[in-house]
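Undergrad: Sharing a model that was predicted from the sequence below.
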Amino acid sequence: MSSPNVAVVGGGIAGCSAAWFLRQALGEGASLTVYERDSQLGGRLATLDVGGTPVESGGTIIHETNRYLANFVDHLALERVEPHQREEGDADSVGVWDGRRFAFRTRNSVLMTRLAAVLSFGVVAPLRLQRAVARGVEQWNQVYEHLERGTAFDSPAALCSELGLAELLYKDGRQWLADSGVRGRFVDQYATPVGRIMYGQDVSMNGLATSIALAGAGLAGSLFSVGGGNRRVCEGLVSDAGAMLQTGTEVAGVSREGAGFTVRLSEGRSVSHDVVVLATPAGPVALALSGVEPPESALRARPFQITWATFIKGTPRAEYFGLARAGDLPDTVLTVEDDTIPFSSLGLVATSTDGALVYKLFSRDPVAESLLDQLFCSRDALEQIRWEAYPVLRPSDDVPPFRLADGLYWVNAMEFAVSTMETEAVAARNVANLVAAQLASSS
């Protein structure tokens, strides 16, 4: 097929990466259309205005080893900036709150922080954890060599198996940590708090997600964000791919019609395409499908972790944390898994032009005014969003596939193994390889 016509359903990082990789794989002759339900691209990459200060309300950090995201940023000539609008070289102070006291706090220097960690957790556990995370990152990074050779995997499980990471899908994070020689208080007071801020889940999630969360905490490299908002990556990719963009356009269904597909839009129109790439978290569950029979695992509704993100422009109440003044509060407060603690994390995410501070509060439930009054002595602005952030990442051998049928693919199947901006980009490249292989075999 010399000039294929491909639809990408969804304009988040998965869909926009897919459009860009499809252009690379299929050439200039291919016709690419991106359908996005919302009025702008980005999906869960978004910015929010909090009292006149823009902040990232969705995916925030990019790891330096995230090869595809880093390459996108550089290729599109976007600016790398410190996460949370920090100045370059500023260390983010972190404390772990157990509901009564800070069980652990970083110090003003790396050396003093390491000493504090040794005094709190001993020498062995932190060292073993760092080695385990570094080993996992090294294994994961083999994926780029496979994909750049044109290898295509039908499922996330097959991809992980090739990388030697499949067993991490089937065991929980606590077991993976124990197998790595990491047990006890260090798990509860470090690994679990990291999982809570990254995924809203503790180390009962699968080992792969646990290891990726810990890498994202900076255990295996540095972190950055995109100046002006990470959503700019999505906009740049679609523009660079030369894809036709249809925002404010919801796809209601997909039907097999001969060798191709009909995409039915909620507004009543129908459009013909040779290939359809789904790039939404719900995927085929949210669509009316006809003429195709995806695997049962792709049609099963799966739970998502609900995170409430509350953004407050104001001054924290130091005494809530047993401190003398707000300036003593760590930039980021992580929490242990304890039902009596009403939030997952509290972090400083921006400083407004008038010098006021903006904080982000993550919680599993909506935040009551009474809790905000306990946490803040003054509030000048407040924004709250309900975020279906990630799948509930339980250990499982039932991860759905990328290939739903010949010509119908699902990028976000990857999310049910592990969910980050980079893993969605990896899945997008894999799906582009699948599409290219299919079209080559049919030509």
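TA: Okay, I see it.
Undergrad: quick one, longest strand in the chain?
TA: strand 376-391 (DSSP state E).
Undergrad: Quick check: buried residues in that strand?
TA: Residues of strand 376-391 classed as buried by neighbour count (16 or more other C-beta atoms under 10 Å): 376, 379, 380, 381, 382, 383, 387, 389, 390, 391. (C-beta placed from N, C-alpha, C; glycine too.)
Undergrad: I'd like the average pLDDT over stretch 167-187.
TA: Stretch 167-187 shows a mean pLDDT of 95.
Undergrad: Just the endpoints, please. Distance across it?
TA: Length of stretch 167-187, first residue to last, C-alpha to C-alpha, to the nearest Å: 20 Å.
Undergrad: do stretch 152-160 as well
TA: First residue to last in stretch 152-160 (C-alpha to C-alpha) measures 12 Å.
Undergrad: cool, and stretch 81-97?
TA: 28 Å.
Undergrad: pull the CA atoms of stretch 377-391 into PDB?
TA: What follows is stretch 377-391, C-alpha atoms only, in PDB (Å, rounded to 0.1, in the frame of the first residue of the first chain):
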ATOM      1  CA  CYS A 377      -2.900  29.400  57.400                       C
ATOM      2  CA  SER A 378      -3.700  31.500  54.300                       C
ATOM      3  CA  ARG A 379      -5.000  30.700  50.900                       C
ATOM      4  CA  ASP A 380      -5.200  33.200  48.000                       C
ATOM      5  CA  ALA A 381      -6.200  30.700  45.200                       C
ATOM      6  CA  LEU A 382      -7.400  27.200  45.000                       C
ATOM      7  CA  GLU A 383      -8.000  24.800  42.100                       C
ATOM      8  CA  GLN A 384      -8.900  21.100  42.300                       C
ATOM      9  CA  ILE A 385      -9.100  18.500  39.600                       C
ATOM     10  CA  ARG A 386     -10.100  14.800  39.600                       C
ATOM     11  CA  TRP A 387      -7.500  12.900  37.700                       C
ATOM     12  CA  GLU A 388      -7.900   9.300  36.400                       C
ATOM     13  CA  ALA A 389      -4.200   9.200  36.500                       C
ATOM     14  CA  TYR A 390      -3.100   5.600  36.100                       C
ATOM     15  CA  PRO A 391      -4.500   2.100  35.900                       C
END
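Undergrad: can you list contacts of that stretch?
TA: Defining contact as C-beta atoms under 8 Å, 6 or more residues apart in numbering, one finds that stretch 377-391 is touched by 44, 48-52, 57-58, 199-201, 281, 302-317, 326, 356, 358, 366-367, 372, 415-416, 419.
Undergrad: Among these, which ones are in strands?
TA: Going by DSSP E, the strands hold 48-50, 304-316, 358 from the contacts of stretch 377-391.
Undergrad: Of the residues you listed, grab the buried ones for PyMOL.
TA: Per 16+ other C-beta under 10 Å, the buried members of the ones in strands among the contacts of stretch 377-391 correspond to this PyMOL selection:
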select buried, resi 48+50+304+305+306+307+308+309+310+311+312+313+314+315+316+358
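Undergrad: quick one, longest helix in the chain?
TA: helix 421-442 (DSSP state H).
Undergrad: Which parts of it count as buried, going by neighbours?
TA: 421-436, 438-439.
Undergrad: Worst mean pLDDT across the helices and strands of this protein, which element?
TA: helix 110-121 (a mean of 84; mean pLDDT, DSSP states H and E).
Undergrad: So which elements touch that helix?
TA: Packing partners of helix 110-121 (3 or more C-beta pairs under 8 Å, 6 or more residues apart in numbering; DSSP states H and E): strand 102-105, helix 185-186.
Undergrad: Pull out the buried positions in it.
TA: Neighbour count says helix 110-121 has 113, 117, 120, 121 buried, by 16+ other C-beta under 10 Å.
Undergrad: likewise stretch 140-150?
TA: 140, 143, 146, 147.
Undergrad: The residues you listed in strands, which ones?
TA: Short answer: the buried residues of stretch 140-150 have none in strands (DSSP E).
Undergrad: okay, who's weakest in those by pLDDT?
TA: residue 140 (95).
Undergrad: okay, now the nearest residue to that residue once chain neighbours are set aside: neighbour count?
TA: Excluding the flanking residues, the one nearest residue 140 by C-beta to C-beta, 6 or more residues apart in numbering is residue 163, at 6.2 Å. Neighbour count of residue 163, defined by other C-beta atoms under 10 Å: 19.
Undergrad: what's the pLDDT at residue 163?
TA: pLDDT at residue 163 comes out at 98.
Undergrad: quick revisit: export the longest helix of the chain as CSV, just CAs?
TA: Output of helix 421-442 as CSV, limited to C-alpha atoms (Å, rounded to 0.1, in the frame of the first residue of the first chain):
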residue,chain,number,x,y,z
MET,A,421,5.3,9.5,29.4
GLU,A,422,8.3,7.6,28.1
THR,A,423,6.7,4.2,28.2
GLU,A,424,3.8,5.6,26.2
ALA,A,425,6.3,6.9,23.6
VAL,A,426,8.0,3.5,23.5
ALA,A,427,4.6,1.8,23.0
ALA,A,428,3.9,4.3,20.2
ARG,A,429,7.1,3.4,18.4
ASN,A,430,6.3,-0.3,18.8
VAL,A,431,2.8,0.3,17.3
ALA,A,432,4.3,2.2,14.4
ASN,A,433,6.6,-0.8,13.8
LEU,A,434,3.6,-3.1,13.8
VAL,A,435,1.7,-0.9,11.3
ALA,A,436,4.7,-0.7,9.0
ALA,A,437,5.2,-4.4,9.1
GLN,A,438,1.5,-5.0,8.4
LEU,A,439,1.4,-2.6,5.4
ALA,A,440,4.6,-4.0,4.0
SER,A,441,3.2,-7.6,4.1
SER,A,442,0.0,-6.5,2.4
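Undergrad: I'd say residue 303 and residue 396 touch.
TA: No - in this structure residue 303 lies outside contact range of residue 396 using C-beta atoms under 8 Å: 11.8 Å.
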